[in-house]
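Participant: Okay, predicted coordinates and the sequence, questions at the end:
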Amino acid sequence: KQLTELDRLAGDGDLGVNLARGARAVEESLPEFSSLSPVEVLKAIGLTVQNTIGGSSGALYGVFFLRAATALRAAHTSDPKTWAQACLEACDAVSNLGDAKEGDRTMLDALLPFAKDFADRLAQGHPTVDALEAAVVAGEKGAEATANMLPRRGRSSYLGKRVLDHPDPGAVAAALWLRAAVLASSY
Ligand code: ADP
Ligand code: MG
């Protein structure tokens, strides 16, 4: 509901409904995931969100999860550092598909701070649980910071300065699901 309201202010108002549909579809597949490898799960999530979310977010999240699966498969390890690297590569894929970079007021303004912070803290030797928590906060801060960013991609780019003072709905959504995913993880 909150996301639909923000997307109504900054886009076409379909984001909350679309993401909820995607999340429900992933939730329905959860029982099947228990027999799959992490790489297979990421691939399944990628295909599911691609087919159910729709809009720009559907395609962008599709490549996010599919690229993460590819990166993880290539790495042949379950080290958290590999996951951080997969997150960074997944952000790269989103960036390439949508031609957006950090500061353009998109989902990347939450996803990239999360991925970078997670990778940096692991590299500094922080325990995974602390690195994840800090990275989630970095993603949330990134999402909040979009309230001061001018939109350069997607529908909100047509609205220009009118969207200021409200955060980007896609970035808020990304921060929300990252927090939920980390809470649900076994770390
Ligand atoms: P639309 O209704 O324009 O098809 P959605 O409602 O599915 O798009 O998603 C809107 C959100 O998607 C935006 O708030 C933004 O965070 C994100 N977004 C839009 N365009 C891009 C892009 N080119 N790259 C990355 N993220 C984008
Ligand atoms: Mg929309």
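Facilitator: On my side now, so go ahead. Residues are numbered from 1 along each chain as shown. Ligands and ions are numbered 1, 2, ... in the order given.
Participant: how about the biggest helix by length in the chain, does it reach ligand 1?
Facilitator: Ranked by number of residues, the top helix in the chain under DSSP state H is helix 55-75. Yes - residues of helix 55-75 contacting ligand 1 under C-beta under 6 Å from any ligand atom: 55-57, 60. C-betas here are computed from N, CA, C, even on glycine.
Participant: Pick out the residue in the chain sitting closest to ligand 1.
Facilitator: Gly170 (1.9 Å; C-beta to the nearest ligand atom).
Participant: looking at it, that residue is touching Leu15, isn't it?
Facilitator: Yes - Gly170 is within contact range of Leu15, at 6.7 Å (criterion: C-beta atoms under 8 Å).
Participant: Quick check: which helices or strands does the longest helix of the chain pack against?
Facilitator: helix 15-33, helix 38-52, helix 80-98 (3 or more C-beta pairs under 8 Å, 6 or more residues apart in numbering; DSSP states H and E).
Participant: Distance of the nearest residue to Thr146 once chain neighbours are set aside relative to ligand 2?
Facilitator: Spatial nearest neighbour of Thr146, chain neighbours left out: Asp168 (4.0 Å); criterion: C-beta to C-beta, 6 or more residues apart in numbering. Asp168 sits 11 Å away from ligand 2, going by C-beta to the ion, to the nearest Å.
Participant: try Thr82
Facilitator: 33 Å.
Participant: neighbour count winner among Gly170 and Leu15?
Facilitator: Gly170 (32 against 26; other C-beta atoms under 10 Å).
Participant: And for the closest residue to that one other than its chain neighbours, the neighbour number?
Facilitator: Nearest in space to Gly170, with sequence neighbours left out and distances taken as C-beta to C-beta, 6+ apart, is Met107 at 3.9 Å. Applying other C-beta under 10 Å, we find 30 residues neighbouring Met107.
Participant: hang on, the earlier thing: just curious, which of the residues of helix 55-75 next to ligand 1 is nearest to Val49?
Facilitator: Distance to Val49 across these (C-beta to C-beta) is lowest for Ser57, with 8.2 Å.
Participant: Surely that closest one and Thr106 touch.
Facilitator: No - using C-beta under 8 Å as the test, Ser57 is too far from Thr106 to be in contact (9.8 Å).
Participant: shared neighbours of those two, which are they?
Facilitator: Common contacts of Ser57 and Thr106 (C-beta atoms under 8 Å, 6 or more residues apart in numbering): Gly170.
Participant: Show me which of the two is the more surrounded one.
Facilitator: Thr106 (30 against 26).
Participant: Once you drop chain neighbours, what's closest to that one?
Facilitator: Counting by C-beta to C-beta, 6+ apart, the residue nearest Thr106 is Ala100, at 4.8 Å.
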